[in-house]
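S.K.: Can you look at this prediction? I've put the sequence above it.
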Amino acid sequence: EAVIRAAPDGYTLSITQGAPVSLNPYFYSKLPYEPLRDLAPIANMGVIAASIMVSAAVPVNSMRELIELARAKPESLVWSTWGPGSFSDLYRAWAESTFNVKFLELPFKASSAAMQSVIAGEGHVMLNASGALTSLAKAGKIKVLATIGPSRYRNLPEAPSFAELGYDMDFRGWVGAFAPTGTSRDIIQRLNTEINRVLADAAFGEKFLVPGSVEFKAGTPEEFGRFLKVDRELAGRLTKLAKVKPE
């Protein structure tokens, strides 16, 4: 709201994750802003890598085996989430709709608590940021079945990507920079160039992006704008599958 009300002079910007932009319009019946109208996209600063994991005790080693088990034993597998509309919940709904299976949802208040439930075997499956899973997978506490999107996560090279498995769903968290609508093209382009330059620095990426599972790919403001429309549509599709009721 502060950015929307600010002068479009390039000095008041927003750096935010994807939920307030793509998901909030489906979470709240009344919002004091319309993201696609009131915010001028500057740069997509990175997409957050996410993977589907299962407890080490679950007798599956692939997405195919997970679906087969869920189909053979309906509602026997517990899918941990951090509440209705969380990314893990949205992918639970996607999996149920896509493969005609049914999981039991176990909601927590935070992703860390949901992940602990899977490590402990209380929950069986969930989606979480890929970077948070690397050490746990190496220690044998969990198994990573697949990574969302077109490519494998570099620190989980044995887990196939959704694209490799033939799944066309790619809805992930992201971080983006915005200015108030009405900011001049020259200002937007200058900011885009400088942000991309910083993010492309390998040392910066290792220190600030990799720990957050953020994967950066340089792009133009126009490309970011097109991405936002697709992301919004996917958010609508998934929240509908998950039966999210706006507050």
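M.R.: Sure, I can see it. All figures in this text were calculated on a predicted structure; none of them were measured in a lab.
S.K.: max-length helix in this structure?
M.R.: In the chain, assigned by DSSP state H, the helix with the most residues is helix 221-241.
S.K.: For that helix, name the packing helices and strands.
M.R.: In this structure, helix 221-241 packs against helix 24-27, helix 35-38, strand 39-48, helix 87-99, strand 174-180, helix 185-199, with contacts taken as 3 or more Cβ pairs under 8 Å, 6 or more residues apart in numbering; DSSP states H and E. (C-beta placed from N, C-alpha, C; glycine too.)
S.K.: closest to residue 156 out of these?
M.R.: Set against residue 156 and scored by Cβ to Cβ, the helices and strands packed on helix 221-241 come closest in strand 39-48, at 13.9 Å.
S.K.: quick one: strands adjacent to the closest one?
M.R.: Sheet pairing of strand 39-48 (DSSP bridges) gives strand 174-180 (antiparallel), strand 214-215 (antiparallel).
S.K.: Pick the most buried one from those strands.
M.R.: Among those, strand 174-180 has the highest mean neighbour count (mean count of other Cβ atoms under 10 Å), at a mean of 22.
S.K.: what residues does it touch?
M.R.: Residues from elsewhere that reach strand 174-180 (Cβ atoms under 8 Å, 6 or more residues apart in numbering): 3-8, 10, 12-18, 21, 38-48, 187-188, 191, 195, 214, 224, 228, 231.
S.K.: Could you rerun that using 7 Å?
M.R.: By Cβ atoms under 7 Å, 6 or more residues apart in numbering, the residues outside strand 174-180 that reach it are 3-4, 6, 8, 10, 12-18, 39-48, 188, 191, 195, 214, 224.
S.K.: Out of these, which end up buried?
M.R.: In the contacts of strand 174-180, burial by neighbour count holds for 3-4, 6, 8, 10, 13-14, 16, 18, 39-48, 188, 191, 195, 214, 224, counting by 16 or more other Cβ atoms under 10 Å.
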